[in-house]
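Undergrad: Got a predicted structure plus its sequence, pasted below:
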Amino acid sequence: MSAIYFNCRTGISGDMVVGALLDLGIDASYLAAELKKLALSDYSINARKVYKKGVAATKFDVYIEGDQPQRGLAEVNYLIEESALDYEVKSLSQEIFRHLARSEATAHKTAIENVRFHEVGAVDSIIDIVSAAILLKRLGIIDASCSTISLGRGKTMTEHGIIDIPSPAVRHLLKGIPTTKSGISAELTTPTGAAIIKTIAGKYTDTPPGTRKKGYGAGTKDLEIPNVLEVRMIA
C-alpha cells in the first residue's frame, strides 16, 4: 500500500490526474480493459507522451462519437453501480460525483436531484473520474496529500455562458482548502479536478514528502509555465 502527493502548481483537471497516474507506469491497455466494464459506448481513449515547456508528461484524451445524454446524479450512480468494476472503484467514483452534484446544486441554487451535469456529466468526465479511481486502486493508494491549488484567473465559457474563473462550482468544492489564483489568465482547476482532489486528499502542504517515483499529467493548454500535474509516490 502506498501514499501519493499531488503538486497542483498549475492546477488540476480530470484528464491531468489520469495522465499523471498512468505516467507512474501503468499501461493504458489495462485502463481500457477496466473501462469496458462500464455500459458506455461511442468513445475511445488515448494516452501519449508530450512535452510541456520541456517537461515530459502523459496526455490523456477521451474521444466521443455522436451525441451523448446529459445525466443527473441518479443516472451516474446507476451506471457505476451496475458495472462490473471493483467495489472500491465504484465507491470512490460515486463519492466524487456526489461532491460534484453538491457543488453544482449550490452554484445554481437548486436541489441536488435537479442537477444535470452538462459537460461534467458527459462521457469524457465520467471516464476521467472512473479512470482516476481505477488507477488509484491499481497503485494501492491508501493516503493522498496535496499542495496549494492554483486556480487561474479571468473568464471562461460554459454551458451557462461566460463565467468568472474560478467557477462557482470550483469555489464551493475547494472552500476551506488552500488555493491561489496565480498570475495566469486561464482556467487551471476544473470542477472535475477539484472534486477528485477534495475527495481523496487528507492533508494539504507545500512541502513534498519523500519521493519514490514521479509522474506527470499534461494539461491541454500551452502556458508560460509547464502545464503539468506532478504526482509523487511516497516512499
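TA: Sure, I can see it. Residues are numbered from 1 along each chain as shown.
Undergrad: residues of the biggest helix by length in the chain that come out buried?
TA: Longest helix of the chain, by residue count under DSSP state H: helix 87-108. Neighbour counts over helix 87-108 (16 or more other Cβ atoms under 10 Å) mark 89-90, 92-107 as buried. The way it works is simple: take the backbone N, C-alpha and C, and place the C-beta from them, glycine included.
Undergrad: likewise stretch 216-233?
TA: For stretch 216-233, by 16+ other Cβ under 10 Å, it's 216-219, 223, 226-233.
Undergrad: measure it end to end?
TA: 12 Å (Cα to Cα, to the nearest Å).
Undergrad: How far off centre is it?
TA: Per Cα atoms, centre = their mean, to the nearest Å, the displacement of stretch 216-233 from the mean C-alpha position of its chain is 13 Å.
Undergrad: Please, where are all the helices along this protein?
TA: Counting by DSSP H, the helices of the chain are 14-22, 28-35, 73-81, 87-108, 123-138, 168-173, 191-200.
Undergrad: Would you give the sheet partners of the helix or strand bottoming out on mean pLDDT in the chain, along with the direction of each?
TA: When each helix and strand of the chain is scored by mean pLDDT, DSSP states H and E, strand 155-158 comes last, with a mean of 73. Applying DSSP bridges, strand 155-158 is found paired with strand 161-164 (antiparallel).
Undergrad: per-residue confidence averaged over the partner strand?
TA: For strand 161-164, mean pLDDT is 78.
Undergrad: List of residues touching it?
TA: Contacts to strand 161-164, defined as Cβ atoms under 8 Å, 6 or more residues apart in numbering, come from residues 154-156.
Undergrad: Just the CA atoms of it, as PDB, please.
TA: Presented in PDB, the C-alpha positions along strand 161-164 are these (Å, rounded to 0.1, in the frame of the first residue of the first chain):
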ATOM      1  CA  GLY A 161     -22.500  31.300 -20.600                       C
ATOM      2  CA  ILE A 162     -19.300  33.300 -19.700                       C
ATOM      3  CA  ILE A 163     -18.400  33.000 -16.000                       C
ATOM      4  CA  ASP A 164     -15.500  34.100 -13.800                       C
END
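Undergrad: What are the buried residues along it?
TA: Under 16+ other Cβ under 10 Å, strand 161-164 has no buried positions.
Undergrad: repeat for stretch 2-15
TA: By neighbour count on 16+ other Cβ under 10 Å, the buried set for stretch 2-15 is 2-15.
Undergrad: residue ranges with poor pLDDT in the chain?
TA: The chain contains residues with pLDDT under 70 at 116-121, 158-160, 235.
Undergrad: ok, back up a step: from the buried residues of stretch 2-15, which land in strands?
TA: Among these, DSSP state E puts 2-7 in strands.
Undergrad: Now compare those residues and name the two farthest from each other.
TA: With Cβ to Cβ as the measure, no two of those lie farther apart than S2 and N7, at 16.4 Å.
Undergrad: For the residue nearest to F6 when sequence neighbours are not counted, list the residues it contacts.
TA: Among residues not flanking F6 along the chain, C146 sits closest, at 4.4 Å (Cβ to Cβ, 6 or more residues apart in numbering). Residues near C146 by Cβ under 8 Å, 6+ apart: 5-6, 8, 197, 201, 203-205.
Undergrad: C146 and H108: what is the separation?
TA: Applying Cβ to Cβ, to the nearest Å, the value for C146 to H108 is 27 Å.
Undergrad: Next: L79.
TA: 22 Å.
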